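K.L.:
Return atomic coordinates for the entry below.
(2 chains)
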Amino acid sequence: MALWLEGVVKEYAGGVAALRGVSLEIPDGDRVAVVGPSGSGKTTMLTIMGTLERATAGRVEVAGRDVGSASDVDLAGLRACEIGFVFQGFHLQEAMSAVDNVALGMLYTGMPLRERREIARGALDRVGLGHRREFKPAKLSGGERQRVAIARAIAKRPVIVLADEPTGNLDSRSGREVIALLHGLAADGATLVLITHDERIASSFPRRVQMRDGEIVGDDRA
Amino acid sequence: MTSATAAAPAAPAPRPAAIDRARLPVRELFGTALQGLKTRRLRAALSALGIAIGIGAMVAVVGVSASAQANLLAEIDALGTNLLTVTPGQTFLGANEVLPDTAVPSIEHQTNVHSAAAVYQISGANVYRTPLVPAAETGGIGVDAAAENLPAVMGTTMASGHFLGQVANEFPEAVLGWQAAQVLQINHVAGHLMVYLGNTWFTVIGIMRSAVLDTSLDATVFISLPEAERLFQTQPNPSEIYVRANQNDVVGVSNILAATADPQNADGVQVSRPSDALQAQADAKGQFTTLLLGLGAVALLVGAIGIANIMVISVLERRGEIGLRRALGATRHHITAQFLTESALLALLGAIAGLALGAAATQVYAISRHEPFVLPLYALLAAPTSGFIIGAIAGLYPAAKAARLSPTEALRST
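P.N.:
Residues are numbered from 1 along each chain as shown, chains lettered A, B, ... in the order given. I've put the predicted structure just below:
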């Protein structure tokens, strides 16, 4: 089981509840689109799945490990090796070339730079940017930047890829390319959880989870 | 380690039950920190400047003092530390003792004595350019009778002309010390240059260069002892004897000198080693001024605050990067280490620049003063080390601030 959430509650200071008892099982290799209006708790759920935040209550297992009992250092290790993030805002380092941005994704695995660059070049080839390796992000289009970010997320071959509105800053054509790319990566067997507002993108996923007010209100499988 | 884990090397490694630790090798840590600095070059250079100035000032103070000291020590070495002086002391009642006229030959007979030269003070004699100069204007110049080998024993040479010789024993000839020549406004010996010395005209035959080991000789005019005895009734009792001992037995010679000079009254003889006083002076020069060092330290402190300031701003600006790194698997410690290293490297680079700056200042000083260029080894080591440590301390607060950032908030900020 790639992800397993049971009765997960997340409350912020001041008593605001972002999640009110979410239970969800996502088996290895599943591809899940999470949809729902703003403030429904999608991103909070994703950050808890990504171990960037801890749940206030409930049980969370990521890649078969109980997150609640793990130390911060252990969780960092989990993120370094098993989880790949794709953000709406790309979060690329402007001073680094595409290949170094992708190599940065493996920095905290302790792998030496040569090896990381080698893998990064392969990952850029996979996302169709082999010819843009030495380009800085400023010289890349939005779609290309997101593809660099995807290469960064998948280069270390994580068990889970978490994407928070990866097409939010892209035109529809680039968006479609990025989604197609993410679907293609499922061939690796990685589990993909993707947040989107776009119904058409959601409908391309074999499983769709709907959220509202911090709860799951729908879980359809095509 | 059990034997079971060592077996089956060919089987594919199973997914480890324990979580892989997030790791950041030291090399990668320094690479990351350098990358961070390279991205903001101008800012890094400006904030390192404070450290550079502080370290530079301190290195220059240390370097200049060391160069001045080395110069004086070299001078002392060149003149020799084997010079001893013998002077008459004073009796219990305060009256002046008198050295016997046999003192110089006795001293010269000692085995480890290389050479000895005496001067005899001529009291009541003054020297003028002409008899028209008012008698009170002596210019502070003394008159001594001197042995022919005085310049050789003092380790000095003639600036012009030659020293007293055989002729001077028969005729009124005089040699000027370097400072006496200046006062009398005589720059070099040419023609029949005369000075008026105690009612007699003396021909100036030479000007002696400075005798660094006893600069009192510089303000003196020398004539021969026979002339002094004839004209001024000077007694042949040396007022000071300069002795060159063999370098390897200076202390031994100095111990027997008093008894050798005056066997009847050894207690009435003073023996000293002029290089000791100069050595102490050199050591004093080596002690760089505390005040200047303090100013350097203040500059360094200001530099450190500048770095802390710039790092705090940097952390605020780079929230997105910090969040990303946490998402990529950085622990809080990795973030702390990154910013600490960045801050320390920044100050280290500033310190290296400061070292170069201070060394250059020392070099300029040394060249302009014709002194040797000396930079103590400890300064070479302490400058970068202290820079690194100061930077690390300045980075403590910003680094802790960076590590405390919540990764989700940091990611949201961009």
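K.L.:
residues from chain A in reach of chain B?
P.N.:
A:47, A:50, A:52-53, A:65, A:70, A:72-74, A:76-82, A:85, A:87, A:89, A:91, A:93-96, A:104-105, A:107-110, A:112-113 (CB under 8 Å from any CB of the partner chain). Quick note: C-beta positions are derived from backbone N, CA and C, even for glycine.
K.L.:
Which among those residues count as buried?
P.N.:
A:47, A:50, A:52-53, A:65, A:70, A:74, A:76-82, A:85, A:87, A:89, A:91, A:93, A:96, A:104-105, A:107-110, A:113 (16 or more other CB atoms under 10 Å in any protein chain shown).
K.L.:
Name the residues that touch the helix or strand where A:Val60 lies?
P.N.:
Secondary structure from DSSP states H and E places A:Val60 in strand A:57-62. Residues external to strand A:57-62 that are found in contact with it (CB atoms under 8 Å, 6 or more residues apart in numbering or on different chains): A:1-9, A:21-23, A:48-49, A:51, A:66-68, A:78, A:82-83, A:160.
K.L.:
if you look at those residues, which of them are in helices?
P.N.:
Judged by DSSP state H, those include A:Ile48, A:Met49, A:Leu78 as members of helices.
K.L.:
In chain A, what residue comes closest to chain B?
P.N.:
Nearest residue of chain A to chain B: A:Ala80, at 2.4 Å (CB to the nearest CB).
K.L.:
so which helix or strand takes in whatever residue of the stretch 51-200 of chain B ends up closest to chain A?
P.N.:
Proximity of the stretch 51-200 of chain B to chain A (CB to the nearest CB) peaks at B:Ile51, 23.5 Å away. Using DSSP H and E, B:Ile51 maps to helix B:41-79.
K.L.:
Quick one: mean pLDDT over that helix.
P.N.:
Mean pLDDT, helix B:41-79: 86.
K.L.:
Nearest residue to the middle of the chain?
P.N.:
If you meant another chain, say so; for now it's chain A. A:Leu162 (1.6 Å; CA atoms, centre = their mean).
K.L.:
try again with chain B
P.N.:
B:Gln69 (2.1 Å).
K.L.:
The residue of chain B found nearest chain A: what's it in contact with?
P.N.:
Using CB to the nearest CB, the closest approach of chain B to chain A is made by B:Gly329 at 2.4 Å. B:Gly329 sits next to A:Ala76, A:Gly77, A:Leu78, A:Arg79, A:Ala80, A:Cys81, A:Leu107, A:Tyr108, A:Thr109, B:Ala22 when contact means CB under 8 Å, 6+ apart.
K.L.:
if we take those, which one ends up nearest to B:Ala146?
P.N.:
A:Leu107 (82.2 Å; CB to CB).
K.L.:
which regions of chain A lie under the pLDDT threshold?
P.N.:
Scanning chain A for pLDDT under 70 picks out no residues.
K.L.:
just the strands in it please.
P.N.:
Along chain A, the segments classed as strands by DSSP state E run A:3-12, A:16-26, A:31-35, A:57-62, A:65-66, A:83-86, A:160-164, A:191-195, A:207-212, A:215-221.
K.L.:
quick one: which of the ones you listed is nearest B:Ser224?
P.N.:
Among the strands of chain A, strand A:83-86 sits nearest to B:Ser224 (CB to CB), with 101.1 Å.
K.L.:
residues making contact with the closest one?
P.N.:
With contact meaning CB under 8 Å, 6+ apart, strand A:83-86 is reached by A:50-51, A:62-63, A:105, A:146, A:149-150, A:152-154, A:156, A:158-164, A:166, A:182, A:190, B:327-328.
K.L.:
got a list of what B:Asp20 touches?
P.N.:
Here B:Asp20 is in contact with A:Gly77, A:Leu78, A:Ala80, A:Cys81, A:Glu82, A:Thr109 (CB under 8 Å, 6+ apart).
K.L.:
among those, which two are most distant?
P.N.:
Most distant of those, by CB to CB, are A:Leu78 and A:Thr109, 11.5 Å apart.
K.L.:
buried set for stretch B:133-146?
P.N.:
B:Gly139, B:Ile141, B:Gly142, B:Val143, B:Asp144, B:Ala145, B:Ala146.
K.L.:
Assign B:Phe222 to helix, strand or coil.
P.N.:
Of the three states, B:Phe222 takes strand under DSSP: H, G, I helix; E, B strand; the rest coil.
K.L.:
Hmm, B:Val175 and it touching each other?
P.N.:
Yes - contact criterion CB atoms under 8 Å: B:Phe222 and B:Val175 qualify, at 4.5 Å.
K.L.:
intersection of neighbour lists for those two?
P.N.:
Residues touching both B:Phe222 and B:Val175 (CB under 8 Å, 6+ apart) are B:Ala146, B:Phe163, B:Leu164, B:Met208.
K.L.:
so of those residues, which ones are in helices?
P.N.:
Among those, no member falls in helices (DSSP H).
K.L.:
B:Leu257 versus the spatially closest residue to A:Val67 that is not a sequence neighbour, what's the distance?
P.N.:
Excluding the flanking residues, the one nearest A:Val67 by CB to CB, 6 or more residues apart in numbering or on different chains is A:Val60, at 4.4 Å. For A:Val60, the distance to B:Leu257 (CB to CB, to the nearest Å) stands at 95 Å.
K.L.:
higher neighbour count, the two?
P.N.:
Legend: neighbour count by other CB atoms under 10 Å in any protein chain shown for A:Val60 and B:Leu257, higher for B:Leu257 (27 against 23).
K.L.:
Next up, the contacts around that one.
P.N.:
Taking CB under 8 Å, 6+ apart as the test, what B:Leu257 contacts is B:Leu84, B:Val86, B:Ile107, B:Val243, B:Val269, B:Val271.
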